[in-house]
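Chemist: Have a look; sequence and predicted model below, questions after that.
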Amino acid sequence: MKCPGQDSQYWKPGAIFEARCPECGHAVEFFKDDVTRKCSHCGHRFLNPGLDFGCAAYCPHAEQCIGNLPPELIAQKQDLLKDRVAIEMKRTYRRDFKRIGHAMRAARYAEEIGKAEQANLAVVLTAAYLYGIGAPEAERKRGIVEDRFLEEEDPPRAREILERLGANGSLVEEVCAIVARHADRGEDETVNGRCVRDAERIAGLEDLWKQGEGTDPAAGGAFLTPSGAAAAARVFEGYRKDRAT
C-alpha cells in the first residue's frame, strides 16, 4: 500500500505549485512529493519549501518512501529523535524528578562538550539522556543501583527505546556501547563516549555539590576531554561564587 501522503489520488489543490529559486529567483515547478528540484535557469538544486517532513522525520521507512533524504531532513530526523528520547526518559523515571533533572543537565553539558569536541551530537545527546536509564529496573531487581548493575540494565532498555522509535542501527549500537560503560575510566572510548562520560560526571559532581558536599570537580582523575574539563571549571566556579556570597 502506498503512503496516502505520497499517493496523488489523495492530493488536494495546491499539490503542484511554483517556488522561487533562492539563487536566481526563477520560478520552479514542484510537485508536493518532490524532495528537491533543479532550477532550469541557473542549475541550482534546492529543497522543496512546501514539503511536509512530519512523518518522514521519524518514520524508519522514510528513505524508501521519498528516496535519499537530503541533509536538512536527516538533521531534522535526528533532532526529533533526540526530543522523543527525552520524552521516553521522563516516562521511564515517572515522578523521580531528581533523576530527570540529572539527565537533563547531563544532556545540556553533553551538547556543550560535544559541539566543542566536534562529536556526533545525535549520538552524544541520545546517550546522555539514556545513561543510567536502567536504574529503575536495577532497583526493582536488586534494591540498589550500582555501576555494575547499570552496565547490565542500561543497554537493553536503551535498545528497546531506540528501536521502538525507529533509530538508525549504527546509532543504536553506539549508544548502547556508551551506556554499557559505567565503572571503568573509558579512556579508550570514542570521542562521542568521552563527551557523554564527562557530561555525566559533571552532573554527578553537581548533585553532590547541591547536597552540601563541596567536591572538587577534578576529584577522581582528569576529565576525558579538554572541553569537559573546561565546562566543569566554569560550572563549579559559579557554585563557588554563589556559596561565597
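Modeler: Received, thanks.
Chemist: So in the protein, where's the weakest helix or strand by average pLDDT?
Modeler: helix 62-66 (a mean of 50; mean pLDDT, DSSP states H and E).
Chemist: and residue 105, how many residues sit next to it?
Modeler: Look at residue 105: counted by other Cβ atoms under 10 Å, it has 19 neighbours. Placement of C-beta: from N, CA and C, glycine included.
Chemist: so what's it closest to, chain neighbours aside?
Modeler: residue 203 (4.6 Å; Cβ to Cβ, 6 or more residues apart in numbering).
Chemist: Counting neighbours, which bits of the helix or strand hosting that neighbour end up buried?
Modeler: Using DSSP states H and E, the secondary-structure element containing residue 203 is helix 191-210. Along helix 191-210, these residues count as buried under the neighbour rule (16 or more other Cβ atoms under 10 Å): 191-203, 205-206, 209.
Chemist: Let me have that helix in CSV, keeping just the CA atoms, if that works.
Modeler: What follows is helix 191-210, C-alpha atoms only, in CSV (Å, rounded to 0.1, in the frame of the first residue of the first chain):
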residue,chain,number,x,y,z
VAL,A,191,35.0,11.0,21.2
ASN,A,192,31.2,10.6,21.5
GLY,A,193,31.6,8.3,24.5
ARG,A,194,34.1,10.6,26.2
CYS,A,195,31.8,13.6,25.8
VAL,A,196,28.9,11.7,27.4
ARG,A,197,31.1,10.4,30.3
ASP,A,198,32.4,13.9,31.0
ALA,A,199,28.9,15.4,30.9
GLU,A,200,27.6,12.7,33.2
ARG,A,201,30.5,13.3,35.6
ILE,A,202,29.8,17.0,35.8
ALA,A,203,26.1,16.3,36.5
GLY,A,204,27.1,13.8,39.2
LEU,A,205,29.5,16.1,40.9
GLU,A,206,26.9,18.8,40.7
ASP,A,207,24.5,16.6,42.6
LEU,A,208,27.0,16.1,45.4
TRP,A,209,27.7,19.9,45.5
LYS,A,210,24.0,20.6,45.9
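Chemist: Who are the packing partners of that helix?
Modeler: helix 97-116, helix 121-130, helix 169-179, helix 226-244 (3 or more Cβ pairs under 8 Å, 6 or more residues apart in numbering; DSSP states H and E).
Chemist: Next, the angle from the next helix or strand after the second one to helix 97-116.
Modeler: What it means is helix 121-130. On the C-terminal side of helix 121-130, the closest following helix or strand by DSSP H and E is helix 135-142. When axes from the mean of the first three to the mean of the last three Cα atoms, to 10 degrees is applied, the directions of helix 135-142 and helix 97-116 differ by 130 degrees.
Chemist: Buried ones in helix 135-142, by neighbour count?
Modeler: For helix 135-142, burial by neighbour count (16+ other Cβ under 10 Å) applies to 135-138.
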